[in-house]
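Participant: coords please:
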Amino acid sequence: MALQRALVADAVAYAGEWLAYMQRSLRIPGLTVAVRHEEDVLLSRAYGEADIERSQEMRTDHIFRIASHSKTFTATAVMLLMERGALSLDDRLCRWIDWLDDQPGTTGSLRIRHLLSHSSGVIRDGMDAGWWDLRMPFHDADSLRAAVLADPPLYSASERFKYSNIGYSLLGTVVEAASGQSYNDFVRAEIVDRLGLSSTGPEPDPSIANKMATGYSSRRYAQERVALRHLDTRAMSAATGFYSTAEDLCRYGAAHFMGNEELLTDETKRDMQHEAWKVEGPAPRHYALGFNVSDVGGRRMVGHGGGFPGFITYTTIDPVDRLVVSVLTNAIDGPAEALATGVVKLINRANVAADPATEGADQAKTAKLDRFTGRFFSLWGAIDICRLGDQLCAIDPEMLDPTADVTELDVVDETTLRIAKASGYSSPGERVAFDFDSKGRVSRVQFAGSRFLPWEEHRERVAAIASDRTG
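Facilitator: Below you'll find the predicted structure:
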């Protein structure tokens, strides 16, 4: 479905409030989000803390480790070299890596495209990937070579999808050989600097230490989170070394829009974004060349996530309708993908019923609707009444998919709504009555049989209940 700017803006405005609730509800230390449509950043916000021990508030310019986002940069670097005629995707690795041979079934016999699409059969991380739990350093050039030579491919080329950090580390070596520069220098000059990504790079260095967010362990298995140290990814930078901000990732994502040829031609981008392999799993998707491809509410999105000790991040791009959403969390259990796709689903929801002949909703009508909007609380939780275009909706802000159970509301009069559409276990057809104070602010919502209050009034109500019990 095509996107209308005004409706994207409506959805993004609510998405910012939903993410604020999710950060607190899920007790994520901190997160940042950015949303870009066409050439404009419509949302850039930070929530929570960048460093719990120092009580440092998260800012939008805080830098995160973005881990496997690095693969998109590496794939882009390879395609840049291909466009310049420096290499071919059908080149065998042994052409570019002199310590590999060309014997059938060996790593050296694999083609570059096999590594780009994770169809090489190469082992994922080697037999001991102790860097992921901070037991050992990442591979340097010598240990990477030893690991590759010790473990030949486990499957034949093009037999199946098999994700491999080792494979993308080898692509970094190919970039070095084909460009005549170190991997880090090439991607910085040809991608990062060309796009003006001032807070992005292939490996953190001391110059950005004061802007790095602190990463934290999970609360799933412990009451307290533990701050985790940063590691240099050394020879695995091409697979997992990058750092960035949500705004920079939106700027980078825009370079993969169709029609934007700052880095690559549209023909090359179509090749990169074309489904190559189905990825089996609980949420089936496809992998292309450096990008995963997924369906989000009927919208075809390409992007990548990243998991690093202390960080879970996700960026998703609609290259046709020119939308990017990036969510970065500084916790190893941060649901970045679910939050980013939740934002996309809200944008879809606002646009799905839009009249293509109009741009957004009538301003006079929306002003009348906006007076009903807000977040309200009962003992059972919160409810958000928000406007998406010219539709008032009630949404449970605690749901990772905020569009999974939306209640649609129609205006009856200046103080009353009707539940026009809701699940059968809800209260379809019933009324929602509002009380307003002298300043026009909502002071109470009678939502069918349930009463909801603004936060301060709800907190006083809960305190009174506690007082009754102890008194």
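
Participant: where along the stretch 51-200 of the chain do the strands fall?
Facilitator: With strands called from DSSP state E, counting those that start in this stretch, the stretch 51-200 of the chain shows them at 56-57, 64-67.

Participant: do the same with the stretch 301-450 of the chain
Facilitator: Along the stretch 301-450 of the chain, counting by DSSP E, counting those that start in this stretch, strands occupy 311-318, 323-329, 374-378, 381-388, 391-395, 407-413, 416-421, 431-436, 442-447, 450-452.

Participant: Mean neighbour count, those: which tops it?
Facilitator: strand 323-329 (a mean of 30; mean count of other C-beta atoms under 10 Å). C-beta here means a position set from N, CA and C on the backbone, and glycine is covered the same way.

Participant: What strands line up against that strand, and which way round?
Facilitator: strand 30-37 (antiparallel), strand 311-318 (antiparallel) (DSSP bridges).

Participant: Can you give the contact residues for it?
Facilitator: 3, 8, 19, 28-37, 64, 66, 244-247, 249-250, 253-254, 311-318, 335-337, 339-340, 343-344, 347 (C-beta atoms under 8 Å, 6 or more residues apart in numbering).

Participant: Quick check: which of the strands of the stretch 51-200 of the chain is nearest to G48?
Facilitator: For these, distance to G48 was read as C-beta to C-beta. The smallest value, 8.0 Å, belongs to strand 56-57.

Participant: JSON lines please, covering the strands of the stretch 51-200 of the chain and showing mean neighbour count.
Facilitator: Converted to JSON lines, those look like this (neighbours: other C-beta atoms under 10 Å):
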{"stretch": "strand 56-57", "mean neighbour count": "14"}
{"stretch": "strand 64-67", "mean neighbour count": "29"}
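
Participant: F452 is nearest to which of those?
Facilitator: Per C-beta to C-beta, nearest to F452 of those: strand 56-57, 29.3 Å.

Participant: packing partners for the closest one?
Facilitator: strand 40-51 (3 or more C-beta pairs under 8 Å, 6 or more residues apart in numbering; DSSP states H and E).

Participant: Check which helices and strands the strand it packs on sits against.
Facilitator: Counting by 3+ C-beta pairs under 8 Å, 6+ apart, strand 40-51 packs on helix 5-25, strand 30-37, strand 56-57, helix 246-254.

Participant: buried sites along the lowest-mean-pLDDT helix or strand in the chain?
Facilitator: One helix or strand of the chain scores below all others by mean pLDDT, DSSP states H and E: helix 363-370, with a mean of 83. If you call a residue buried by 16 or more other C-beta atoms under 10 Å, then helix 363-370 has these buried ones: 366, 369.

Participant: what angle separates it from strand 381-388?
Facilitator: Relative orientation of helix 363-370 versus strand 381-388 (axes from the mean of the first three to the mean of the last three C-alpha atoms, to 10 degrees): 180 degrees.

Participant: Stretch 124-142: how far from the chain's middle?
Facilitator: Chain-centre distance of stretch 124-142: 25 Å, with C-alpha atoms, centre = their mean, to the nearest Å.

Participant: Report the backbone C-alpha coordinates of it in CSV.
Facilitator: C-alpha atoms of stretch 124-142 as CSV (Å, rounded to 0.1, in the frame of the first residue of the first chain):
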residue,chain,number,x,y,z
ARG,A,124,28.7,-20.3,11.7
ASP,A,125,31.3,-19.2,14.2
GLY,A,126,33.8,-22.1,14.5
MET,A,127,33.8,-24.7,17.2
ASP,A,128,34.3,-22.2,20.0
ALA,A,129,32.7,-18.8,19.7
GLY,A,130,33.7,-17.7,23.2
TRP,A,131,33.6,-14.0,22.3
TRP,A,132,29.8,-14.0,22.5
ASP,A,133,30.0,-14.7,26.2
LEU,A,134,33.2,-12.6,26.7
ARG,A,135,35.4,-15.6,27.4
MET,A,136,37.9,-14.9,24.6
PRO,A,137,38.7,-12.3,21.9
PHE,A,138,37.3,-12.3,18.4
HIS,A,139,39.4,-13.9,15.7
ASP,A,140,42.4,-12.0,14.4
ALA,A,141,43.6,-12.7,10.9
ASP,A,142,45.7,-15.7,12.0
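
Participant: Outside of that stretch itself, list whatever touches it.
Facilitator: Taking C-beta under 8 Å, 6+ apart as the rule, stretch 124-142 contacts 147, 150-151, 162-166, 169, 228-229, 231-236, 240, 309.

Participant: Buried ones in it, by neighbour count?
Facilitator: Buried, per 16+ other C-beta under 10 Å, within stretch 124-142: 125-126, 129, 131-132, 138-139.

Participant: Max pairwise distance over the residues you listed: which two?
Facilitator: Most distant of those, by C-beta to C-beta, are W132 and H139, 12.3 Å apart.
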